[in-house]
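Asker: Please find the sequence and the predicted model below.
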Amino acid sequence: MSAPTLKQAVGHPYTQILGLGAYRGDTAVDNHELAGPIDSSDEWIQQRTGIITRARERGGKNVIDMGVIAAREAIDKAGITPDQIGAVIVATITNVMQTPAAATRICAEVGAGDAVAYDISAGCAGYCYGIAQADALVRSGVADYVLVVGSEKLSDLVNPTDRSISFLLGDGAGAAVVGPADTPGISKSVLGSDGSKWDAVAMSGELMAYRRGEAEWPYLRQDGRTVFRWAVWEMANVARQALDAAGISSADLAAFIPHQANMRIIDEFAKQLEVPENVVIARDIATTGNTSAASIPLATHALLQEHPELSGGLALQIGFGAGLAYAAQVVRLP
């Protein structure tokens with residue numbers, strides 16, 4: 001007796017980002033405020049990172065509150081209603097609870113009903129992981145529209161005296177709605193990790209060790225030199241792979257939107273890729289700081305506000321960080 005034939009899900013052949021939303025922390029924190037505890041100066045921080053101010057949330061909003069604000073704007077700009085969303089993916093490392101996922105609460109708050117909802121913990125690569133998964137969910141027929149949110153309150157993980165990363169971090173949320181398109185709007189994604197370097201960007205200790213009274217409350221820290229070399233050299237190769245997978249070259253780009261880790265990394269990254277002068281490079285870090293999973297959607301949102309003529313153009317986006325995880329794809333800007 002032959003086995004019965006299964007019904008295979010059939011989705012949409014092409015996808016694209018239809019709308020973006022953003023929320024930045026309500027307070028602009030300048031370098032002077034942070035320089036004292038690390039025995040530094042405004043000049044040293046600007047020279048080392050390119051950051052003038054960073055956005056931090058001091059009004060009481062958490063990753064869910066910020067994510068909901070960004071999500072509502074993205075849904076509105078996408079021209080759909082919340083009940084059309086079939087999946088909600090939230091990239092975050094700063095959820096207020098280990099469980100349940102922030103996605104389930106954001107899903108309910110925006111009115112997406114009983115949509116699929118789950119979190120991604122991939123640090124600064126999380127948003128690009130989410131875009132890759134949203135693309136797959138729409139093309140496989142699981143959902144017609146997917147909400148991807150990157151939301152972080154990194155100020156909760158700051159040790160003010162840590163010179164490796166504390167002065168980099170900001171708070172905020174960015175969101176995108178991915179849906180069907182008539183032509184390709186999201187290229188094949190290049191995803192991966194290098195767990196051999198997991199401690200280059202990591203927490204200072206284990207949460208369970210803190211609970212057992214064996215360690216202090218953990219905070220975020222990094223080995224800056226290792227991260228810089230990895231980001232500039234190895235991630236440049238990943239970016240080239242993403243361009244190849246999309247079938248284009250850097251000359252075909254309208255914008256380059258890397259994770260806003262550090263201005264020196266962004267500049268050197270662009271140099272390694274030989275990004276043409278006419279390609280607009282996102283440098284949102286100067287006034288927002290490093291917001292991990294929220295970084296790329298926030299930078300994209302700011303770029304389109306400043307350069308609306310980029311709408312419809314191609315952008316290479318690449319996230320990289322804790323894990324060490326990375327993800328890159330070429331997208332058509334909404």
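Answerer: Structure received. Numbering: from 1, shown residues only.

Asker: what's the offset of stretch 122-129 from the middle of its chain?
Answerer: 5 Å (CA atoms, centre = their mean, to the nearest Å).

Asker: sorry, that was for stretch 236-251
Answerer: That offset, for stretch 236-251, works out to 19 Å (CA atoms, centre = their mean).

Asker: Equivalent analysis for stretch 273-287, please.
Answerer: On CA atoms, centre = their mean, the centre of stretch 273-287 falls 17 Å from the chain's centre.

Asker: For it, give me every contacting residue.
Answerer: Applying CB atoms under 8 Å, 6 or more residues apart in numbering, the contact partners of stretch 273-287 are 28, 49-55, 236, 239-240, 250-251, 253-258, 260-263, 266, 270, 295, 298-300, 302-303, 307, 310. No exception for glycine: its C-beta is placed from N, CA and C like everyone else's.

Asker: List buried residues within those residues.
Answerer: The neighbour count (16 or more other CB atoms under 10 Å) marks 28, 49-51, 53-55, 236, 239-240, 250, 253-258, 260-263, 266, 270, 295, 298-300, 302-303, 310 as buried among those.

Asker: which ones among the residues you listed are found in strands?
Answerer: 28, 53-55, 255-258 (DSSP state E).

Asker: so which of these would you say is closest to residue 137?
Answerer: residue 257 (22.1 Å; CB to CB).

Asker: Report the beta-bridge partners for the closest one.
Answerer: residue 317 (DSSP bridges).

Asker: Distance check, it against residue 288.
Answerer: 13 Å (CB to CB, to the nearest Å).

Asker: try residue 93
Answerer: 17 Å.

Asker: Please identify which of these two sits among more neighbours.
Answerer: Taking other CB atoms under 10 Å, residue 93 and residue 288 do not tie; residue 288 has more neighbours (26 against 23).

Asker: show me where pLDDT drops low in the stretch 151-300 of the chain?
Answerer: Applying pLDDT under 70 to the stretch 151-300 of the chain flags no residue at all.

Asker: can you pull out the helices in it?
Answerer: Using DSSP state H, counting those that start in this stretch, the helices of the stretch 151-300 of the chain run over 207-211, 224-229, 235-246, 263-273, 285-288, 295-306.

Asker: Backbone dihedrals for residue 130, please?
Answerer: Phi and psi for residue 130, reported as degrees, to the nearest 10, are phi -60, psi -40.

Asker: Kindly state the pLDDT recorded for it?
Answerer: If you check residue 130, the pLDDT there is 98.

Asker: again, but for the one 3 residues further on
Answerer: In the predicted model, residue 133 carries a pLDDT score of 98.

Asker: ok, now residue 320?
Answerer: Value listed for residue 320 in the pLDDT field: 94.

Asker: Please apply the same query to residue 3.
Answerer: pLDDT, read off for residue 3, is 86.

Asker: Run a quick neighbour tally on it.
Answerer: 5.

Asker: what do you get for residue 38?
Answerer: 17.

Asker: what's the spacing between the residue lying closest to it once chain neighbours are set aside and residue 250?
Answerer: Of all residues not flanking residue 38 in the chain, residue 163 sits nearest, at 4.7 Å (CB to CB, 6 or more residues apart in numbering). Using CB to CB, residue 163 is found at 34 Å from residue 250.

Asker: How much space separates residue 289 from residue 89?
Answerer: From residue 289 to residue 89 the distance is 23 Å (CB to CB).

Asker: swap that for residue 70, please
Answerer: In terms of CB to CB, residue 70 sits 13 Å off from residue 89.

Asker: Overlap of the contact sets of those two?
Answerer: With CB under 8 Å, 6+ apart as the test, residue 70 and residue 89 both reach residue 149.

Asker: Chain neighbours aside, what residue packs nearest to residue 209?
Answerer: Residue 209 sits nearest to residue 215 (CB to CB, 6+ apart), 4.1 Å away.

Asker: Please name the residues that touch that neighbour.
Answerer: Counting by CB under 8 Å, 6+ apart, residue 215 has contacts 205-206, 209.

Asker: Next, it: phi, psi?
Answerer: phi -150, psi 160.

Asker: any idea how far residue 124 is from it?
Answerer: 24 Å.

Asker: isn't there a strand covering residue 117?
Answerer: Yes. Membership of residue 117 in a strand is supported by DSSP: H, G, I helix; E, B strand; the rest coil.

Asker: ok, it - contacts?
Answerer: So residue 117 contacts 87-90, 101, 103-104, 106-107 (CB under 8 Å, 6+ apart).

Asker: Out of those residues, which sit inside strands?
Answerer: 87-90.

Asker: mind putting those in a markdown table, distance to residue 169, neighbour count and pLDDT included?
Answerer: Formatted as a markdown table, those follow (distance: CB to CB, whole Å; neighbours: other CB atoms under 10 Å; pLDDT from 0 to 100):
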| residue | distance to residue 169 | neighbour count | pLDDT |
| --- | --- | --- | --- |
| 87 | 29 | 24 | 98 |
| 88 | 25 | 31 | 98 |
| 89 | 23 | 29 | 98 |
| 90 | 19 | 32 | 98 |
